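Novice: Requesting a structural model of the entry that follows:
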Amino acid sequence: MLSALSERNVVVERIVSPVQVVQIAKSYDAAVTSASPEDIVIGGDTTRVVDFVNRDPISI
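Specialist: Below you'll find the model as predicted:
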């Protein structure tokens with residue numbers, strides 16, 4: 001059931017359907033897009049949203 005991709009990443013197969021993955025990705029993108037500019041931190045390799053887990057709940 002688990003497939004290791006690297007030392008830090010793991011794929012858990014068949015837990016979330018492909019349709020749900022698309023819905024989750026759209027909700028995540030919407031949450032990041034709606035973040036206040038002061039909550040966005042752009043680094044060399046990543047873009048992060050401060051306090052992301054306390055944002056409004058998403059619907060999937």
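Novice: In the protein, what helix or strand scores lowest on average pLDDT?
Specialist: strand 2-4 (a mean of 48; mean pLDDT, DSSP states H and E).
Novice: Could I get the full set of helices for this protein?
Specialist: 18-33 (DSSP state H).
Novice: Nearest to the middle of it, which residue? Look it up for me.
Specialist: For the chain, Tyr28 is the residue whose C-alpha lies nearest the centre (C-alpha atoms, centre = their mean; 5.2 Å).
Novice: Report pLDDT for that residue.
Specialist: Here the pLDDT value assigned to Tyr28 is 82.
Novice: Which residue is the nearest non-sequential neighbour of Ala35?
Specialist: Leaving aside its chain neighbours, Ala35 sits nearest to Val49 (4.6 Å; criterion: C-beta to C-beta, 6 or more residues apart in numbering). C-beta here means a position set from N, CA and C on the backbone, and glycine is covered the same way.
Novice: quick one, what contacts that neighbour?
Specialist: Ala31, Val32, Ala35, Asp39, Ile40, Val41, Arg55 (C-beta atoms under 8 Å, 6 or more residues apart in numbering).
Novice: could you measure Val41 against Ser17, distance?
Specialist: Val41 sits 32 Å away from Ser17, going by C-beta to C-beta, to the nearest Å.
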